[in-house]
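Novice: I'll drop the sequence and a predicted model, then ask my questions.
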Amino acid sequence: MTTLTWLYAPGDRPHVVAKALTSGADVVIVDLEDAVAPDRKEYARAATAELLTEPHPVPVHVRVNALDSPAGAADLAAVAALPGVGGLRLPKVTSPEQIVRIAEHTAPADGGAPPLYALLETALGIEHAHAIAAAHPAVRGIALGEADLRADLGVREDAGLDWSRSRVIVAARAAGLAPPPQSVHPDIRDLEGLAASCAHGRALGFLGRAAIHPRQLPVIERAYLPTEAEIEAAETIVKAASAEQGAQALPDGRFVDTAVVATAHRTLSLARRG
């Protein structure tokens, strides 16, 4: 199923994680990094390890602490090999060498590394976006961490991040990865702003979004699922393409070629959440 919603939950609050698992999110991300105070790291790690002793119906990813920190090393040692881990979210990745090192470190002797998702949160990470995305077969996705990137770049207006957003989207596609999800919208009360931001992200080429509260999930889904009009248009294109070969014009004047047909198929697949 196409993933549209990724819900963060703090690792030191197991009851919140439990609610996240029943929230309807496509993926739950247990956060051991920013959402957990330093004096709660050890408890969060132990609670998360206990949670992941078995798989869950909803995929569970873990965002570990900084890769070059003792806490990050302890996180990887505690959770990377557990059967309930659906993926590892790696913060502030700046080079492909970091990815290779983590993949080799977390790969068991009899198998491959767990799925890795690189978060690009600095100017250096953005500059190395494609190299990071293509660094290792274990990499299943890349995404932006916009709060840290905004601080690193000194960006005040949201539009100042659009170049970096497009860079990451292109890098993911060039590496054969799924389109990245958008970074979180930090104001959980601003659902109208969230919807507008999602519409902008969709126009840029993102697919889905990370969330920090369950109330954001329906807004994200509505923004990223095709509308009835989009589904109807895609069905018309696919039907016309099945009847004729090569480029053609529809009765309403729209030009249809192979690329347009491929886009229509993607729209219908997304509508079915395929």
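Specialist: Here it is on my side, so go on.

Novice: what's the helix or strand for the nearest residue to residue 174 once chain neighbours are set aside?
Specialist: Of all residues not flanking residue 174 in the chain, residue 130 sits nearest, at 5.5 Å (C-beta to C-beta, 6 or more residues apart in numbering). For the C-beta atoms, the positions are set from N, CA and C on the backbone; glycine is no exception. Per DSSP states H and E: residue 130 is located in helix 129-133.

Novice: pairing partners for the following helix or strand past that helix, with directions?
Specialist: Downstream of helix 129-133, the first helix or strand assigned by DSSP H and E is strand 139-144. Strand pairing for strand 139-144, using DSSP bridges, gives strand 116-120 (parallel).

Novice: ok, and what's touching the strand it pairs with?
Specialist: 61, 63, 87-93, 99, 102-103, 125-126, 129, 132-133, 136, 138-145, 149, 168 (C-beta atoms under 8 Å, 6 or more residues apart in numbering).

Novice: which residues does the helix or strand that it is followed by contact?
Specialist: For strand 116-120, the succeeding helix or strand toward the C-terminus, using DSSP H and E, is helix 123-127. Here helix 123-127 makes contact (C-beta under 8 Å, 6+ apart) with 92-95, 118-120, 132, 149, 152-153, 164, 167-168.

Novice: can you list the buried residues in helix 123-127?
Specialist: For helix 123-127, burial by neighbour count (16 or more other C-beta atoms under 10 Å) applies to 125-126.

Novice: also stretch 144-162?
Specialist: Buried residues in stretch 144-162 (16+ other C-beta under 10 Å): 144-146, 148-150, 152, 161.

Novice: let me see the ranges of the helices in the stretch 1-150 of the chain.
Specialist: In the stretch 1-150 of the chain, the segments counted as helices under DSSP state H, counting those that start in this stretch are 14-21, 41-51, 70-79, 96-106, 123-127, 129-133, 146-153.

Novice: pick the most deeply packed of those helices.
Specialist: helix 129-133 (a mean of 22; mean count of other C-beta atoms under 10 Å).

Novice: not counting its own residues, what contacts it?
Specialist: 93, 95-96, 98-99, 118, 120, 125, 139, 142, 167-168, 170-172, 174-175, 177.

Novice: please redo it, this time with the cut-off set to 10 Å
Specialist: Counting by C-beta atoms under 10 Å, 6 or more residues apart in numbering, helix 129-133 makes contact with 90, 93-99, 116, 118-120, 125-126, 139-142, 144, 164, 167-177, 180, all of which sit outside it.

Novice: drop anything exposed from these.
Specialist: If we count by 16+ other C-beta under 10 Å, the contacts of helix 129-133 have these buried: 90, 93-94, 96, 98-99, 116, 118-120, 125-126, 139-142, 144, 164, 167-169, 171-172, 175, 177, 180.

Novice: so residue 189: helix, strand or coil?
Specialist: coil (DSSP: H, G, I helix; E, B strand; the rest coil).

Novice: pretty sure it is touching residue 212, no?
Specialist: No: counting by C-beta atoms under 10 Å, residue 189 stays clear of residue 212, with 11.7 Å between them.
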